[in-house]
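J.: Sequence plus predicted model, see below.
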Amino acid sequence: ALALLTKEVYSSLFIGILMGGLLYSNFQFEGTLLHVFEDGIVASLSDSYNVGILIFLVILGAMVCMMNKAGGSAAFGRWAQKNIKTRVGAQLASILLGCLIFIDDYFNCLTVGSVMRPITDKHNISRVKLAYIIDATAAPVCMIAPISSWAAAVSSTAEGLDTGISGIQLFIKAIPYNLYSLLTFIFIIALSFMQFDYGPMRTYERKARETGDLSALENAEDEAVNPKGKVIDLLLPVLVLIAVCTTGMIYVGGFFGVDAWGGTDCAGDFIGAFGNTDAFMGLPWGGIIALLFTVIYLVARRVITFKDAMACIPKGFNAMISPILILTLAVSLKATITSLGASIYVHDLMEGAAATLYSMLPAVIFVVACILAFASGTSWGTFGILIPIVTAIFPASSELLIIGISACCAGAVMGDHCSPISDTSIMASAGAQCDHLEHVATQIPYVLTVAGVCVVGFIVAGFVQNVYITWAVSFALMLCVLFVIRSMERRKAA
């Protein structure tokens, strides 16, 4: 809330950490300092999981810089400009590319932003609108893709709980009821075809159309176009990255014999290895291999020199400094929130609701997950808190268990989607090269619209426990809401 009011994310995050430290130490000066730095910032930076994220970010930044330097992104832009003639086409192309890159939300954000910026800029689509499209096709896509780092996170959390099935099987069964992801796709596609915007986004889009001001970052530098670049110089590194990251994740999970912890249970089992993997270990491994390939390939193609390739590494790191700083503070804030006992409070809240609102629980779970993910800025942390609670409330034989897990995942994505301290939102802003808080402020009305329909959908699902009826009601309501909003916007403009 402070970040949205002050428009200053760094100080807001640090104040949040400081307030958490004060509460934890009962307002003792020394205890606050120790908790903020040793248990918060330093502990977060020394955690191997978080370091893995930061390494992967730097690798992605360097790869994006190299592909831009080689002219691959510009070549794709030239091809797209010949084939994409309208604003609708540019938005749909961005959505399609976002849906195709499902392996990880970070890579999705940076790749889609780098590739689609020239096309959306040509059609005067504001950078905040591009950031929303990137954000709306990052986590929501990963959340319904069985082969993704998010699938691994959910399945590892659910593994060993009393569900009667494996973690990855539970994840796959929960996909059809993941209303937030499904409705977000319907929302952004329908919004593109209906050609209207509302809320703060309307102001930015109107300014982009009428004045050409795309609300891009003032210090965002555009690479000089390399005439030697071809589309393959963009596509091949991206395809290699997806392939080696996938391989890295199943290697860590034990597909090729022994997993990273010495176990052999998942040897030859692709799905099992994905459920057993550690994305924060596998993704950096895959990223380093892809980075080496990209350097060798682009230098061998003579589109860039070895010196240029090496210069892209610190330049890519520099481009990631803002997301890395925000991510560091955000992770520290998450640790502070956890230390204050947020999980215990949420557990007690859910158990109290279970006694009186059994069939309404999927909707309650969705709302609680939304609030928790928004406040903490983490979907994965929300899974860790709520999935064990959901499996304890519903019996393994009940359809409500699947619906409850779906509601938990959907709410976690929704809260993460619009939180100013969410790593995915931070990366979407970085990918689109727009102000982070402008991105958050403009997408909140869209996220809340979809979330409102999701609440109704989960109420229906809790009572009828039929996915097709739930889809019919939810999809029809989503389209009706959009038509009503468009009618209201036209009346305002008249």
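T.: Sure, I can see it.
J.: Give me the pLDDT value at the residue lying closest to A260 once chain neighbours are set aside.
T.: Spatial nearest neighbour of A260, excluding adjacent residues (CB to CB, 6 or more residues apart in numbering): V252 at 4.7 Å. All C-beta spots, glycine's among them, are computed from the backbone N, C-alpha and C. As predicted, V252 sits at a pLDDT of 84.
J.: what's the offset of whatever helix or strand I365 lives in from the middle of its chain?
T.: I365 belongs to helix 361-376 when assigned by DSSP states H and E. With CA atoms, centre = their mean, to the nearest Å as the basis, helix 361-376 stands 17 Å off its chain's centre.
J.: show me where the stretch 201-350 of the chain has helices.
T.: 232-252, 270-276, 279-300, 306-319, 321-339, 342-354 (DSSP state H, counting those that start in this stretch).
J.: Out of those, flag the one nearest M478.
T.: Proximity to M478 (CB to CB) singles out helix 342-354 among these, at 25.9 Å.
J.: C-alpha coordinates for stretch 41-61, PDB please?
T.: Once non-C-alpha atoms are left out, stretch 41-61 reads as follows in PDB (Å, rounded to 0.1, in the frame of the first residue of the first chain):
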ATOM      1  CA  ILE A  41      18.500  -9.200   4.100                       C
ATOM      2  CA  VAL A  42      21.700 -11.100   4.800                       C
ATOM      3  CA  ALA A  43      19.800 -14.400   5.300                       C
ATOM      4  CA  SER A  44      17.900 -13.900   2.100                       C
ATOM      5  CA  LEU A  45      21.000 -13.100   0.100                       C
ATOM      6  CA  SER A  46      22.900 -16.100   1.500                       C
ATOM      7  CA  ASP A  47      20.100 -18.500   0.800                       C
ATOM      8  CA  SER A  48      21.000 -20.800  -2.100                       C
ATOM      9  CA  TYR A  49      17.500 -20.600  -3.600                       C
ATOM     10  CA  ASN A  50      17.500 -16.800  -3.800                       C
ATOM     11  CA  VAL A  51      21.100 -16.800  -5.100                       C
ATOM     12  CA  GLY A  52      19.900 -19.200  -7.800                       C
ATOM     13  CA  ILE A  53      17.200 -16.700  -8.900                       C
ATOM     14  CA  LEU A  54      19.700 -13.800  -9.000                       C
ATOM     15  CA  ILE A  55      22.200 -15.800 -11.100                       C
ATOM     16  CA  PHE A  56      19.400 -16.800 -13.500                       C
ATOM     17  CA  LEU A  57      18.300 -13.200 -13.800                       C
ATOM     18  CA  VAL A  58      21.900 -12.100 -14.600                       C
ATOM     19  CA  ILE A  59      22.200 -14.900 -17.200                       C
ATOM     20  CA  LEU A  60      18.900 -13.900 -18.800                       C
ATOM     21  CA  GLY A  61      19.800 -10.200 -18.900                       C
END
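J.: contacting residues around that stretch?
T.: Residues from elsewhere that reach stretch 41-61 (CB atoms under 8 Å, 6 or more residues apart in numbering): 17, 106-107, 110, 280-281, 283-284, 287-288, 290-291, 313, 316-317, 319-320, 323-324, 327-329, 331-332, 335, 423, 427.
J.: Just the buried ones out of these, please.
T.: For those, a burial check counting by 16 or more other CB atoms under 10 Å picks out 17, 106-107, 110, 280-281, 283-284, 287, 290-291, 313, 316-317, 319-320, 323-324, 327-329, 331-332, 335, 423, 427.
J.: Surely the residue nearest to A260 is in contact with F280?
T.: No - using CB atoms under 8 Å, V252 is not in contact with F280, being 9.5 Å away.
J.: hey, where'd the helices end up in the stretch 51-200 of the chain?
T.: 72-83, 87-100, 105-122, 127-136, 139-142, 149-158, 167-174, 179-194, 200-211.
J.: Give me the mean pLDDT for the longest one.
T.: Helix 105-122 comes out with an average pLDDT of 81.
J.: other SSEs contacting it?
T.: Applying 3 or more CB pairs under 8 Å, 6 or more residues apart in numbering; DSSP states H and E, we find helix 105-122 packed against helix 48-69, helix 72-83, helix 87-100, helix 127-136, helix 139-142, helix 232-252, helix 423-432.
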